[in-house]
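Asks: Show me how the following folds:
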Amino acid sequence: MRHYTVHLRRHGLDPDRDLVLVKEGFSWPAFLFSMLWALWHRLWLVAALFFAVQVALGLVLAIWAPDPVSAGAVSTGAALILAYAANDLRRWTLERRGFVEAAVVAADGRDGAERRFLDGEPSLAADLRR
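Replies: Residues are numbered from 1 along each chain as shown. Okay, the predicted model is just below:
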């Protein structure tokens, strides 16, 4: 069973934009596709910072000139750090955009978590149906 945080932006209530569920824990897509993952989720600042870190690491590795295995380990380490922090960075960005963390829900998948949250908030479910 996975845990999700539910984030709401109550003005206007568009179900596609104003109710966001973010999974807790490690993010495989962020690990495998770091920059694309950040851009897909519209995390512009995170993408820019990760790009700057990658450029800085590239420069340090070019100057230091380690063997390819060490360079790969450093790059993999940077991707691991982002993957472990990815969903927290999403929550941080949502907070900056005016979302409020409304609940933490446990469910087998995203749809189940959304259903479980809306079952506990019937007035919100009615607003979202309009």
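
Asks: Strands of the protein, start to end?
Replies: Counting by DSSP state E, the chain has strands at residues 2-8, 19-23, 100-107.

Asks: out of those, nearest to Tyr84?
Replies: For the strands of the chain, proximity to Tyr84 was assessed by C-beta to C-beta; strand 19-23 is nearest, at 12.7 Å. For glycine as for every other residue, the C-beta is placed from the backbone atoms N, C-alpha and C.

Asks: which residues sit against the closest one?
Replies: Taking contacts as C-beta atoms under 8 Å, 6 or more residues apart in numbering, the residues outside strand 19-23 that touch it are 2-8, 13, 87, 90-91, 94, 99, 105, 110, 113-114, 117, 128.

Asks: Also stretch 47-62?
Replies: Ser34, Met35, Ala38, Leu39, Ala71, Val74, Ser75, Ala78, Leu82.

Asks: Look over those residues and name the one with the lowest pLDDT score.
Replies: By predicted confidence (pLDDT), the lowest-ranked of the contacts of stretch 47-62 is Ala71, with 84.

Asks: how much space is there between that one and Ile81?
Replies: For Ala71, the distance to Ile81 equals 16 Å [C-beta to C-beta, to the nearest Å].

Asks: Looking at these two, which is more packed in?
Replies: More neighbours surround Ala71 than the other of Ala71 and Ile81, with 17 against 14 (other C-beta atoms under 10 Å).

Asks: ok, that one - contacts?
Replies: With C-beta under 8 Å, 6+ apart as the criterion, the residues that contact Ala71 are Leu61.
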